[in-house]
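Asks: for reference, the sequence and a predicted model appear below.
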Amino acid sequence: EVQLLESGGTLVQPGGSLGLSCAASGFTFSTYAMSWVRQAPGKGLEWVSTISGGGGSAFYADSVKGRFTISRDNSKNTLYLRMNGLRAEDTAIYYCANSLDSGTYLFDYWGQGALVTVSS
Amino acid sequence: QSVVTQPPSASGTPGQRVTISCSGSSSDIGSNYVWWYQQLPGTAPKLLIYRNNQRPSGVPDRFSGSKSGTSASLAISGLRSEDEADYYCAAWDDSLSGVVFGGGTKLTVL
């Protein structure tokens, strides 16, 4: 059974930094791309970032480019998101998701989400 | 900037068939597969349709997807109260090198 478990969500001040983790199990983690998708309160889904299975390619939404960094440790089956220069508009539930359809970067399984609140 | 458009709301009565549209452009839906997600209140999104019209195991055949040109549709037949949820389409966008989501459609079962 595929499981994705996010952690690290908390309250952080504007301009601050935060790291999220996503522990994966139930599939061959190193084979597949992984992504972060966020959802602001009462709003729709917004793609944040994707990293390839081997970690050699990473893609970012314009809204986070230069501030967020996606990475993965395939030996630990864990996905990360480092967020710097946080703004109020980054407040959202952050979901990690995998892409089991090789050759695409769309999302199959999703975690339960981690809430990040950016406020003073 | 890519914009994928969905109607903000849709509704139907139990047993009816409803359709949700998703309109994009040549760089997203026009040249890539469409995925559909269902998000029940207070829960994480769940994959409903992949590669335009494929259903993952466990998804009832009441749900079907189609794509033509730069538009796609999700159809739900035999509507049930438990189908009341938000529905999102998504596709890769070649010009953005990223995923674009539609704004979401809130389905109400009357």
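Replies: Okay, I see it. All figures in this text were calculated on a predicted structure; none of them were measured in a lab.

Asks: could you use CA atoms for every contact and neighbour count after this?
Replies: Noted.

Asks: quick one, strands of chain A?
Replies: A:3-7, A:11-12, A:18-25, A:33-39, A:45-51, A:58-60, A:68-73, A:78-83, A:92-99, A:114-118 (DSSP state E).

Asks: now for those strands, which one comes closest to residue B:19?
Replies: Residue B:19 lies closest to strand A:45-51 among these, at 20.2 Å (C-alpha to C-alpha).

Asks: re earlier: could the strands of chain A be laid out in CSV, adding mean neighbour count?
Replies: Listed next are the strands of chain A as CSV, based on neighbours: other C-alpha atoms under 10 Å in any protein chain shown:
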stretch, mean neighbour count
strand A:3-7, 19
strand A:11-12, 16
strand A:18-25, 20
strand A:33-39, 25
strand A:45-51, 24
strand A:58-60, 20
strand A:68-73, 20
strand A:78-83, 20
strand A:92-99, 25
strand A:114-118, 21
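
Asks: got the ones you listed as TSV, with distance to residue B:30 columns?
Replies: Output for the strands of chain A, formatted as TSV (distance: least, C-alpha to C-alpha, whole Å):
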stretch	distance to residue B:30
strand A:3-7	31
strand A:11-12	40
strand A:18-25	32
strand A:33-39	23
strand A:45-51	19
strand A:58-60	21
strand A:68-73	28
strand A:78-83	31
strand A:92-99	21
strand A:114-118	33
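
Asks: as CSV, those with distance to chain B and mean pLDDT would be great.
Replies: Listed next are the strands of chain A as CSV, based on distance: least, C-alpha to the nearest C-alpha, whole Å; pLDDT from 0 to 100:
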stretch, distance to chain B, mean pLDDT
strand A:3-7, 11, 98
strand A:11-12, 20, 98
strand A:18-25, 14, 98
strand A:33-39, 10, 97
strand A:45-51, 6, 97
strand A:58-60, 7, 97
strand A:68-73, 14, 98
strand A:78-83, 16, 98
strand A:92-99, 8, 97
strand A:114-118, 11, 98
